[in-house]
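# have a look at this prediction, sequence included:
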Amino acid sequence: MPSRDYRAPLDGVTRYTRWDQVPDGWYTRTQLGQMDPPRKPGPDAVPRGQVLYHGNSYAPLYALADTVTKRPVSDAQRAALDRARELQRVCRLCGGCDLDEYGDPVPLGKGRVCTRCRVVQGAYREHLEARDAARRRHERMAARTAVVLAIDAAPVRDVADLTRIHRVVMVGRGLHVDVPVAAPGDGAPAAGALAPVEAFAEITRRLQDSPAMWPDSLAIICWADADRVRRRLTNLLRDAAPGTALPDWLTDSSWHELRTYYVHWFAEPDPGIVGYRPNWRASPTGMHGAADQRARATEATLEAIVTDHPGAVSPRAPWATHPAALADTDTQEAPS
C-alpha cells in the first residue's frame, strides 16, 4: 500500500531517478520555498520534469524562470499560523492534550478532541443506552408484561447444586409471588415448601390470577446471572419430574439482568488508565439479603434509574469527574 505522501508520476513529463540528473535551474516546490526570498511556481507554470524521491514518489520540477517571489508573511500572519498549529494540539473541549512517547503534545486531528474526552463521551453514551434499556423494562413493568424474579439457592459447587432452589419470588405491578420449594437433596424441607412440580404450578396459577391478564410471554428481570437463574429453574423441574413440560413463563420469556444496565449507569473510573469501565462490583442496598428483599431492591433500583434519582449515579462517574467532555455538540443530552 502506498504511504499518505505517495505521489504518482505525471504523465508526459520527463522523469529523473537521481538528483544529479536534474538540469541546473530546475527546482521542486520545497526547494523554491527554502530560497531567500522564498519563491513558488507562477500562475501559468507547468512542470518541466519530475524527480524520484522516497523510493516511489515523484516531485514536479519547475524552471526558476517560471517562478515568482512569494508574498512575505507579516508578523501578525506568522503569529496566527503559529497559534493555529498550537491549537491543533489542544483539545477544544477541556484544553488538555495527548502526549507522544517523549511527552510532547501531538496534533489531535479533525475535531480537536483529546483521547480522554472521547473515552468519557463513549462512557456517557453507554450510560444513556443503559438507562434507555432500563426504561423499556420499566415500561413493561407498568404494562404488567414484566416481573422481577429472585431465588434463594445453594451456592453452585457442582452440577447437583443447580437443582437446589429453596424459594422463588416474583414481584410485579399488583403481583407478589413467594413460593418455598422442597428441592431434591435438601433434606428436611422448610414448613409449607412445595415439591418442584407443585411449586411451578403455583407460580403459573398466581401469574394467571393476577389483577391483569398476564400474557404467556413475559420479560423477566433478575439483578444478575439471569441465564444461570433460568437454567437452574429448568434443571430443578427436569430433575424432579423428567418429561414434565416446562411452563410458558420459563420457556417463552425474555430474561434480562438489571446489573448490566446499572453498572453502566453507575459507571466509575478505572484507576490507573486513561479509559473508564463499569464497576461490576457496584450494587445498590439490599442486593445481598433474602430473595424477597433482593426482588424488592431490584424493583426499587429500576425505579431509581428511570427517574434519574440523583443519589444513584456515582459522583465518580466519568461524565461527572470530567464534564467538559460533554460540551461537544454531538453529545446526546445533558447528564442526569
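Sure, I can see it.

# dump stretch 71-83 to CSV, restricted to CA.
Provided in CSV are the C-alpha atoms of stretch 71-83 (Å, rounded to 0.1, in the frame of the first residue of the first chain):
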residue,chain,number,x,y,z
ARG,A,71,4.5,37.4,-0.8
PRO,A,72,6.3,37.9,2.6
VAL,A,73,4.4,36.7,5.6
SER,A,74,3.7,39.5,8.1
ASP,A,75,4.5,39.1,11.8
ALA,A,76,0.8,39.0,12.6
GLN,A,77,0.2,36.3,9.9
ARG,A,78,3.1,34.2,11.2
ALA,A,79,1.8,34.6,14.8
ALA,A,80,-1.7,33.5,13.6
LEU,A,81,-0.2,30.4,11.9
ASP,A,82,1.9,29.5,14.9
ARG,A,83,-1.2,29.9,17.1
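
# quick one: contacts of it?
For stretch 71-83, contacts defined as CB atoms under 8 Å, 6 or more residues apart in numbering pick out P37. Bear in mind the C-beta positions are built from the backbone N, C-alpha and C, glycine included.

# how far is that stretch from where the chain is centred?
43 Å (CA atoms, centre = their mean, to the nearest Å).

# pLDDT averaged over it - what is it?
For stretch 71-83, mean pLDDT is 80.

# same check on stretch 177-192?
For stretch 177-192, the mean pLDDT works out to 74.

# quick one: end-to-end distance for that stretch.
Start-to-end span of stretch 177-192 (CA to CA, to the nearest Å) is 14 Å.

# stretch 76-96 too?
End-to-end distance (CA to CA), stretch 76-96: 26 Å.

# what comes up buried for it?
Neighbour counts using 16 or more other CB atoms under 10 Å place 89-91, 93-94, 96 of stretch 76-96 among the buried residues.

# care to break the protein down by domain?
Structural domains assigned to the chain are 15-69, 73-113, 125-317, following automatic domain parsing.

# out of the ones you listed, which is the most enclosed?
domain 125-317 (a mean of 17; mean count of other CB atoms under 10 Å).

# where does the prediction get shaky in the stretch 1-150 of the chain?
1-5 (pLDDT under 70).

# now with 80, please.
1-6, 73-75, 77, 82, 84-85 (pLDDT under 80).

# all the helices of the protein, residue numbers only.
29-33, 75-87, 115-142, 196-208, 226-240, 248-251, 258-265, 291-306, 318-321 (DSSP state H).

# what's the closest of the ones you listed to G172?
helix 115-142 (6.4 Å; CB to CB).

# report the angle between that closest one and helix 258-265.
Interaxial angle, helix 115-142 versus helix 258-265 (axes from the mean of the first three to the mean of the last three CA atoms, to 10 degrees): 140 degrees.

# which strands and helices sit next to helix 115-142?
Here helix 115-142 is seen to pack against strand 146-153, strand 219-222, helix 258-265, strand 276-277, helix 291-306, helix 318-321 when contacts are counted using 3 or more CB pairs under 8 Å, 6 or more residues apart in numbering; DSSP states H and E.

# what about V313, distance to A146?
According to CB to CB, to the nearest Å, V313 stands 23 Å off from A146.

# pretty sure P60 contacts A45?
No - P60 is not in contact with A45 according to CB atoms under 8 Å; the separation is 9.4 Å.

# quick revisit: could I get the helices and strands packed on helix 115-142 as CSV with distance to G49?
Output for the helices and strands packed on helix 115-142, formatted as CSV (distance: least, CB to CB, whole Å):
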stretch, distance to G49
strand 146-153, 76
strand 219-222, 73
helix 258-265, 61
strand 276-277, 56
helix 291-306, 70
helix 318-321, 57
